[in-house]
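Undergrad: can you look at this prediction? I've put the sequence above it.
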Amino acid sequence: MGKKIRIGIVGAGTIGSVHAEAYKKVADAELVGLCDILPDKLKEKAAKHGVPKTYATHQEMLADPEIDAISVCVPNCSHAPIAIDALNAGKHVMLEKPMTLNANLGRDILKARDASGKILQMGMVRRQYPESQLIHKYINEGKLGDIYQINIKLIRRRGIPGLGGWFTTKAMSGGGALIDIAVHFLDLAMWSANLWNPTRVSAKTYSKFGSPMKSYHYNSMWAGPPNYDGTFDVDDYVAGMARFGKDATMSFQVAWACNAKEEQTMEILGTKGGIKSGEGELILRTELDDKIVDIKPIFNTQSDGFATELTKFVAAINGEGEVPATGEQGVIVMQLLDAIYKSSELDQEVTI
Ligand SMILES: NC(=O)c1ccc[n+]([C@@H]2O[C@H](COP(=O)([O-])OP(=O)(O)OC[C@H]3O[C@@H](n4cnc5c(N)ncnc54)[C@H](O)[C@@H]3O)[C@@H](O)[C@H]2O)c1
């Protein structure tokens with residue numbers, strides 16, 4: 001057991017609640033404070049999660065010497081300012097995805113981390129899923145050989161979150177499906193395959209379903225209901241290809257909404273094996289004893305990715321391990337996202 005780390009959560013929304021419950025499973029964490037700019041929500045969530053202290057602004061929370069570390073669970077536009085304020089105030093930072101709005105702001109966060117000497121961890125929860133850990137292990141053991149192609153398909157039929165709210169307002173979110181959900185899989189793919197050198201991108205983003213908002217038909221809405229007086233000025237579909245030097249390529253199709261079957265898969269092809277995850281299954285396609293075989297490992301489906309990532313965050317603060325997702329990797333992900341948006345805007349391949 002390490003030292004008890006006293007935690008504050010900034011943002012009492014959906015993911016703030018997830019962090020609050022997950023910290024309760026972390027032996028060395030004590031959830032001390034919650035902050036939100038909406039007083040009623042703050043009161044309700046603090047009572048719901050049993051959090052003793054509340055703060056109306058993140059500055060108030062950061063001024064409290066009883067807080068050692070914070071989780072940043074606010075809309076994307078506030079990630080950089082709050083993370084930088086927190087690091088400057090000497091607090092460790094667990095930063096939800098996406099790191100921020102663009103790579104330049106990501107570099108500003110890194111500078112603040114380096115000046116503070118505090119811990120900064122990216123909220124890339126999918127890396128902690130058991131199937132992701134297994135893929136990473138297989139690749140590190142050389143079971144896939146030389147990796148040369150990754151295919152990502154992350155398709156929602158009608159899955160635009162919070163139509164008209166901050167998710168669909170570019171000034172607050174930085175973008176749509178790409179920065180919101182593709183970010184998870186682009187990070188996962190680069191981390192799994194140890195490919196952290198994206199060099200060129202050719203991509204196109206589309207906005208076909210979210211606007212006009214009143215003609216968007218849906219069955220359920222994350223972060224709903226819609227706000228028809230709000231804004232939709234972001235992408236709801238993206239397709240493209242990234243190159244990693246001369247060695248590897250990655251193709252991706254990601255939709256908040258489109259007329260295709262729902263799918264969430266990542267496939268990594270190597271000379272010795274190919275692995276595909278998603279749809280509740282993991283398949284390693286390889287050769288064994290001169291035979292072509294499919295291996296389907298069985299893994300624990302009950303593990304809690306958030307509790308695992310927060311356990312690792314607290315352990316890193318206590319000097320008991322490295323952060324599982326670094327700020328440097330966060331900046332590379334942001335560079336890739338920037339390049340995808342730029343390629344689409346310029347209608348050409350761009351160099352990173
Ligand atoms: N890891 C994941 O799987 C995952 C899932 C969902 C969301 N997220 C990320 O978490 C973040 C929050 O998303 P959400 O779905 O919880 O949004 P949300 O809208 O449900 O909650 C955001 C909360 O932040 C509060 N807030 C806004 N500005 C604030 C400020 N300056 N100080 C304090 N509180 C402030 C809002 O009042 C709101 O209660 C986003 O960056 C999102 O991308 C991650």
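TA: Everything's here; your move.
Undergrad: could you pull up the mean pLDDT of stretch 261-275?
TA: Regarding stretch 261-275, the rounded mean pLDDT is 97.
Undergrad: cool, and stretch 77-97?
TA: 98.
Undergrad: start and end of it, how far apart?
TA: Stretch 77-97 has an end-to-end distance of 11 Å (criterion: CA to CA, to the nearest Å).
Undergrad: show me where this structure dips below the pLDDT cut-off.
TA: Judged against pLDDT under 70, the chain has no low-scoring part.
Undergrad: by proximity to the ligand, which residue of it wins?
TA: G13 (1.7 Å; CB to the nearest ligand atom). Any C-beta I mention is one placed from the backbone N, CA and C, and that applies to glycine too.
Undergrad: skipping adjacent residues, who's closest to that residue in space?
TA: In this structure, G13 finds its nearest non-sequential neighbour in C73, 6.5 Å apart by CB to CB, 6 or more residues apart in numbering.
Undergrad: neighbours of the residue of the chain closest to the ligand, how many?
TA: G13 has 16 neighbours, counted by other CB atoms under 10 Å.
Undergrad: ok, now M99?
TA: Neighbour tally, M99, other CB under 10 Å: 32.
Undergrad: got it, and Q335?
TA: Residues near Q335, counting by other CB under 10 Å, number 18.
Undergrad: which ones are touching it?
TA: A103, P198, I352 (CB atoms under 8 Å, 6 or more residues apart in numbering).
Undergrad: tell me the secondary structure for it?
TA: Here Q335 is helix, with the state taken from DSSP: H, G, I helix; E, B strand; the rest coil.
Undergrad: what of G224?
TA: G224 falls in the coil class when you classify it by three-state DSSP.
Undergrad: give me the distance between it and G50.
TA: Applying CB to CB, to the nearest Å, the value for G224 to G50 is 27 Å.
Undergrad: the two: which has the busier surroundings?
TA: G224 (14 against 9).
Undergrad: so that one versus M94, what's the distance?
TA: Counting by CB to CB, the gap from G224 to M94 is 26 Å.
Undergrad: what sits up against stretch 46-56?
TA: Against stretch 46-56 from outside (CB under 8 Å, 6+ apart): 8-9, 12, 17, 20-21, 31-35, 37, 39, 42-43, 45, 61, 64, 66.
Undergrad: what residues are up against the most centrally placed residue in the chain?
TA: With distances taken as CA atoms, centre = their mean, K97 lies nearest the centre of the chain, 3.7 Å away. By CB under 8 Å, 6+ apart, the residues touching K97 are M122, G123, M124, V125, V183, H184, D187.
Undergrad: from these, which are also near the ligand?
TA: G123, V125 (CB under 6 Å from any ligand atom).
Undergrad: so which of the contacts of K97 are in helices?
TA: V183, H184, D187 (DSSP state H).
Undergrad: how long is stretch 55-67 from one end to the other?
TA: 12 Å.
Undergrad: same question, stretch 253-261
TA: 12 Å.
Undergrad: up against the ligand, what does the stretch 201-350 of the chain have?
TA: So far as CB under 6 Å from any ligand atom goes, the stretch 201-350 of the chain lies against the ligand at A223.
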